[in-house]
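> whatever this is, show me its structure:
(chains A and B)
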Amino acid sequence: MTALIGSVLGSFSTPMQIDTNPASMLWLLPLVASIAIVYKATKVRTIRPRSFIRECAILFGSIMVFIIVAALILYAVAWLVTQQLPNILG
Amino acid sequence: MPPSWKDNHALFLIVVGLFAWLVPGAGHFALDERRRAGVIFVAIVLTFLIGLYVGSIGVIDPVGAKSWYAAQIMNSPVVFLLGRVSTGGDYPVYGRPNEIGQIYTSIAGLLNLLCIVNAIYMAHLQAVEGTGD
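As a prediction, the model looks like this:
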């Protein structure tokens, strides 16, 4: 039992190994889920499992769509500035 | 009938706010909103623990990352104790784990701030409806 507690506490004292790659963007998903759940928990009048899950899923989807659109726009701007602008300017 | 402590409006709001800060969801629990309290507790504590697991307690840095710390302290006074432990520099963390850990723990703190404000507002509504104003 002591060893188990020690290993659990120990896992909070050393950071995880996370590479800087596109897959690390998936860490966004649990955070967005948490934001949607807590926000909806403060907004709905009464919490009923089915309607609450549906409302959270809609908010989660809305946030994800917005983030994807923002990412695409930023990617397009970066592509224009780094790939197209140097050609235009000669 | 002697007046209950809930009749002291300002004190009632302060106590609910303090409960909500001490333990995420406790403010709503005190208002008999048990299901809401449970959802808030699980979501915020889990988010905070994921942040600590990813980046270690080194992500709580009251000296080098004051603005992040200001958001993290909204989780609970426990963050203050964790900050004292990590201040010595025994838990260095850099790069992506540091970023993700700080973002998770800080967002958890800001979500709890939202819940504190919401609990105080609900307490106010309950008190006002109770007195019939």
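
> only C-alpha atoms for contact and neighbour calcs from this point on.
Fine.

> where's the spatially most central residue of chain A, which helix or strand?
In chain A, the centroid-proximal residue (CA atoms, centre = their mean) is residue A:28; its distance is 1.8 Å. For residue A:28, the enclosing helix or strand under DSSP states H and E is helix A:28-43.

> show the backbone phi and psi for residue A:14.
phi -130, psi 130 (degrees, to the nearest 10).

> could you dump the helix or strand hosting residue B:41 to PDB, C-alpha only?
Assessed by DSSP H and E, residue B:41 sits inside helix B:34-55. Extracted in PDB, the C-alpha atoms of helix B:34-55 (Å, rounded to 0.1, in the frame of the first residue of the first chain):
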ATOM      1  CA  ARG B  34     -25.400  18.200  -5.000                       C
ATOM      2  CA  ARG B  35     -25.500  17.000  -8.500                       C
ATOM      3  CA  ARG B  36     -24.100  20.300  -9.800                       C
ATOM      4  CA  ALA B  37     -21.400  20.200  -7.100                       C
ATOM      5  CA  GLY B  38     -20.400  16.700  -8.000                       C
ATOM      6  CA  VAL B  39     -20.000  17.500 -11.700                       C
ATOM      7  CA  ILE B  40     -18.000  20.600 -10.900                       C
ATOM      8  CA  PHE B  41     -15.800  18.800  -8.400                       C
ATOM      9  CA  VAL B  42     -14.900  15.900 -10.700                       C
ATOM     10  CA  ALA B  43     -14.300  18.100 -13.800                       C
ATOM     11  CA  ILE B  44     -12.100  20.700 -12.000                       C
ATOM     12  CA  VAL B  45     -10.100  18.300  -9.900                       C
ATOM     13  CA  LEU B  46      -9.500  16.000 -12.800                       C
ATOM     14  CA  THR B  47      -8.300  18.900 -15.000                       C
ATOM     15  CA  PHE B  48      -6.000  20.100 -12.300                       C
ATOM     16  CA  LEU B  49      -4.600  16.600 -11.600                       C
ATOM     17  CA  ILE B  50      -4.000  16.000 -15.300                       C
ATOM     18  CA  GLY B  51      -2.000  19.200 -15.400                       C
ATOM     19  CA  LEU B  52       0.100  18.100 -12.400                       C
ATOM     20  CA  TYR B  53       0.600  14.700 -13.900                       C
ATOM     21  CA  VAL B  54       1.800  16.000 -17.200                       C
ATOM     22  CA  GLY B  55       4.100  18.700 -15.900                       C
END
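
> ok and that helix relative to helix A:28-43, angle-wise?
Relative orientation of helix B:34-55 and helix A:28-43, computed by axes from the mean of the first three to the mean of the last three CA atoms, to 10 degrees: 160 degrees.

> the next helix or strand after helix B:34-55: how far from the chain's middle?
Going down the chain from helix B:34-55, the next helix or strand is helix B:66-72, by DSSP H and E. On the basis of CA atoms, centre = their mean, to the nearest Å, helix B:66-72 sits 13 Å off its chain's mean C-alpha point.

> ok, and does helix B:66-72 reach over to chain A?
No. If you take CA under 8 Å from any CA of the partner chain as the test, helix B:66-72 misses chain A, and the best it gets is 14.8 Å.

> pull the residues that contact that helix.
The contact list for helix B:66-72, computed with CA atoms under 8 Å, 6 or more residues apart in numbering or on different chains, reads B:60-62, B:79, B:102, B:105-110.

> interface residues of chain B facing chain A?
B:35-36, B:39-40, B:43-44, B:47, B:52-58, B:91, B:93, B:96-98, B:100, B:104, B:111, B:115, B:118.
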